[in-house]
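Chemist: Here is the input, now give the coordinates:
(one chain, ligands or ions: 1)
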Amino acid sequence: MSLSHIQFVKLVLFVVCLIPATVLGWNFYHDQLGANPFEALTRESGEWTLRFLLATLLMTPLRGVLHQSWPLQLRRMLGLYSFFYACLHLLTYLWFDQFFDWQEITKDILKRPFITVGITAWILLLPLAVTSTNSMMRRLGRRWKHLHRSIYLIASLGVLHFLWMVKADLREPLIYAAILLILLGYRVTKWWQKRAFSIAARQ
Ligand code: HEM
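Modeler: Residues are numbered from 1 along each chain as shown. All right, here's what the predicted structure looks like:
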């Protein structure tokens, strides 16, 4: 893909990724989010955070399958959108669920395991967003790659958060868990193949 072509794709992706937030905002404003619009806001933004995390993780396998480099050029934007939706999600919780009552928030984080897991995932996302720039990438060198591997843990915590939250119907979080397993399984298989290849090459 040429430079101008990928820049066009990035621009389209930037706008497309804003659609869920715009639709949510529109429906909220026009009172179209059902009986409990605040809960709907929290839930929807949570799901979009997870979807963007998985979309970010999809880019490496996509490059491998298509033998093209462009998926990697979209990875950072998808990751940053995941952080954007995570911030929206956290904000709806702090505002509409807890009314910025910091004492209650601290109690809730300590008391409910799914909230503990959610806040841990958000805290771990923070350094990834801060170090996502080219200059940070250069400055951190090899450490950047190690740091950004925590995306695997963050996505796993996101799925665990959802699984822990749901009380009866586990189907939806299990679908996300299955997708995550496939995406992580791809990486483990590749790593294993590379290792076997380098051992064979040394013999
Ligand atoms: C990477 C970070 C996170 C991810 C991927 C994530 C994802 C999700 C998902 C998928 C849901 C379920 C949506 C549904 O029911 O359809 C959810 C719900 C929820 N999350 Fe998160 N979340 C994250 C961080 C957080 C944080 C930091 C908090 C607050 C401290 C939080 C609080 C909640 C609450 C209160 C609900 C709704 C519970 C309910 O309606 O009973 N999440 N989240």
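Chemist: going forward, measure contacts and count neighbours with C-alpha atoms only.
Modeler: Will do.
Chemist: so how far is the helix or strand where residue 164 lies from its chain's centroid?
Modeler: Counting by DSSP states H and E, the element that carries residue 164 is helix 150-165. In terms of C-alpha atoms, centre = their mean, to the nearest Å, the centre of helix 150-165 is found 9 Å from the chain centre.
Chemist: Quick check: next helix or strand after that helix?
Modeler: Helix 150-165 is succeeded, C-terminally, by helix 171-202 (DSSP H and E).
Chemist: In that next one, which residues are buried?
Modeler: 173, 176-177, 180, 183-184, 186 (16 or more other C-alpha atoms under 10 Å).
Chemist: which strands and helices sit next to that helix?
Modeler: helix 37-66, helix 150-165 (3 or more C-alpha pairs under 8 Å, 6 or more residues apart in numbering; DSSP states H and E).
Chemist: Same list, these, but as a markdown table with mean pLDDT, mean neighbour count and distance to residue 202 please.
Modeler: Putting these into a markdown table (pLDDT from 0 to 100; neighbours: other C-alpha atoms under 10 Å; distance: least, C-alpha to C-alpha, whole Å) gives the following:
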| stretch | mean pLDDT | mean neighbour count | distance to residue 202 |
| --- | --- | --- | --- |
| helix 37-66 | 98 | 19 | 25 |
| helix 150-165 | 98 | 20 | 30 |
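Chemist: Same list (those) but as JSON lines, adding distance to residue 125.
Modeler: Output for the helices and strands packed on helix 171-202, formatted as JSON lines (distance: least, C-alpha to C-alpha, whole Å):
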{"stretch": "helix 37-66", "distance to residue 125": "10"}
{"stretch": "helix 150-165", "distance to residue 125": "7"}
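Chemist: can you tell which of those is closest to residue 101?
Modeler: Each of these has some distance to residue 101 by C-alpha to C-alpha; the shortest is helix 37-66, at 16.6 Å.
Chemist: Are the helix or strand following the closest one and the ligand in contact anywhere?
Modeler: Following helix 37-66 in sequence order, the next helix or strand is helix 70-92 (DSSP H and E). Yes: using C-alpha under 6 Å from any ligand atom, helix 70-92 reaches the ligand at 86, 90.
Chemist: Over to stretch 93-105?
Modeler: Yes: applying C-alpha under 6 Å from any ligand atom, one finds stretch 93-105 in contact with the ligand at residue 93.
Chemist: Show me what counts as buried in the host helix or strand of residue 139.
Modeler: Element membership for residue 139, per DSSP H and E: helix 134-140. The neighbour-count check on helix 134-140 (16+ other C-alpha under 10 Å) flags nothing as buried.
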